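1. this is the structure alone, sequence omitted:
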């Protein structure tokens, strides 16, 4: 079974600084997708960024980028120029390729942004 | 706003009761997923429907059932409720079943069982 591990229950960062959230996963599949979701206090799940396993290039979305290390099964999220609105719970998620497969989530990392 | 709507936002009920949670997917999305978020279990996949048919099942209890109607909205039925069923229930939708399609989450229904 696929598992997703987020080893940092909580992280904090100063406004305008950079922070990296860690995620490792375990799978025997070669075709899969990885995601970072943000859950602010409103509880809405918001997709931040996604990475296809077959792509070597790391995904970026504005201030958010990932470091995808396929051999190490590592998928970290870097937030640059942190803003107060980035404060949220962040979940790493895995989805096997193909059809009808669920998202498997890690336990989450609570990010605090200090002014 | 993801375009996925869920009703009600909050639900408080007693043990042993039955409730129905409703989800309307984004316009054009055929696939609906239900997830449960609880403090002890985290975010877990419950069940998936595609165009009215069940496609995948996860850690869904026998006391829980779901369906997707011809207009593509979905309902999650929870019966014989226990205190441990208190959780945030999310519905997500996507265009199709392929893993390449994004899943867009609704705002969730918070269920409190007393």
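-> Arrived safely, thanks for sending. Please read these numbers as outputs of a predicted model, since none were measured by experiment.

2. chain B contacts on chain A?
-> Proximity of chain A to chain B, by Cβ under 8 Å from any Cβ of the partner chain, involves residues A:31-33, A:37, A:42-47, A:50, A:52, A:91, A:95-108. (Glycine included, C-beta is placed from N, CA and C.)

3. report the beta-bridge partners for the most centrally placed residue in chain A.
-> With distances taken as Cα atoms, centre = their mean, the residue of chain A nearest its centroid is residue A:36 (3.1 Å). Note on residue A:36: beta-bridge partners residue A:49, residue A:92, judged by DSSP bridges.

4. from chain B, how far out is it?
-> 13 Å (Cβ to the nearest Cβ, to the nearest Å).

5. surely that residue meets residue A:64?
-> Yes - assessed by Cβ atoms under 8 Å, residue A:36 is found in contact with residue A:64 at 7.4 Å.

6. joint contacts of the two?
-> Here residue A:36 and residue A:64 share the contacting residues A:48-49, A:77, scored by Cβ atoms under 8 Å, 6 or more residues apart in numbering or on different chains.

7. so what strands line up beside whichever strand or helix holds residue A:110?
-> Residue A:110 belongs to strand A:109-114 when assigned by DSSP states H and E. According to DSSP bridges, strand A:109-114 forms sheet pairs with strand A:10-14 (parallel), strand A:88-96 (antiparallel).

8. bridging residues for residue A:79?
-> Here residue A:79, judged by DSSP bridges, has bridge partners residue A:19, residue A:64.

9. picking up where we left off before, out of the strands paired with strand A:109-114, which one sits most buried?
-> Mean neighbour count (mean count of other Cβ atoms under 10 Å in any protein chain shown) peaks for strand A:88-96 among the strands paired with strand A:109-114, with a mean of 22.

10. mind listing the residues bridging to the residue nearest the centre of chain B?
-> Residue closest to the average C-alpha location in chain B (Cα atoms, centre = their mean): residue B:34, at 3.2 Å. For residue B:34, the beta-bridge partners under DSSP bridges are residue B:47, residue B:91.

11. wait, doesn't it sit right on residue B:22?
-> No - distance between residue B:34 and residue B:22: 11.2 Å, which falls outside the contact criterion (Cβ under 8 Å).

12. what about the closest residue in space to residue B:42 that isn't next to it in sequence, neighbour count?
-> Excluding its sequence neighbours, the residue lying closest to residue B:42 (Cβ to Cβ, 6 or more residues apart in numbering or on different chains) is residue A:107, at 5.2 Å. Per other Cβ atoms under 10 Å in any protein chain shown, the neighbour tally for residue A:107 reads 16.

13. residue A:107 - that's part of a helix, no?
-> No - according to DSSP: H, G, I helix; E, B strand; the rest coil, residue A:107 belongs to no helix; its state is coil.

14. now do the contacts for it.
-> A:5-6, A:9, B:42.

15. and residue A:101, by the same measure?
-> By Cβ under 8 Å, 6+ apart, the neighbours of residue A:101 are A:95, B:56, B:99.

16. could you measure from the last one over to residue B:90?
-> Going back to what we said before, that points to residue B:99. 18 Å (Cβ to Cβ, to the nearest Å).

17. quick one: which of these two has more around it?
-> Neighbour totals were compared for residue B:99 and residue B:90, and residue B:90 leads with 27 against 20 (other Cβ under 10 Å).

18. distance check, that one against residue B:25.
-> 12 Å.

19. and if you look at residue B:100?
-> 18 Å.

20. cool, residue B:75 as well?
-> 12 Å.

21. tell me which of the two has more neighbours.
-> Taking residue B:75 and residue B:25 together and counting by other Cβ under 10 Å, residue B:25 has the greater number of neighbours (27 against 16).
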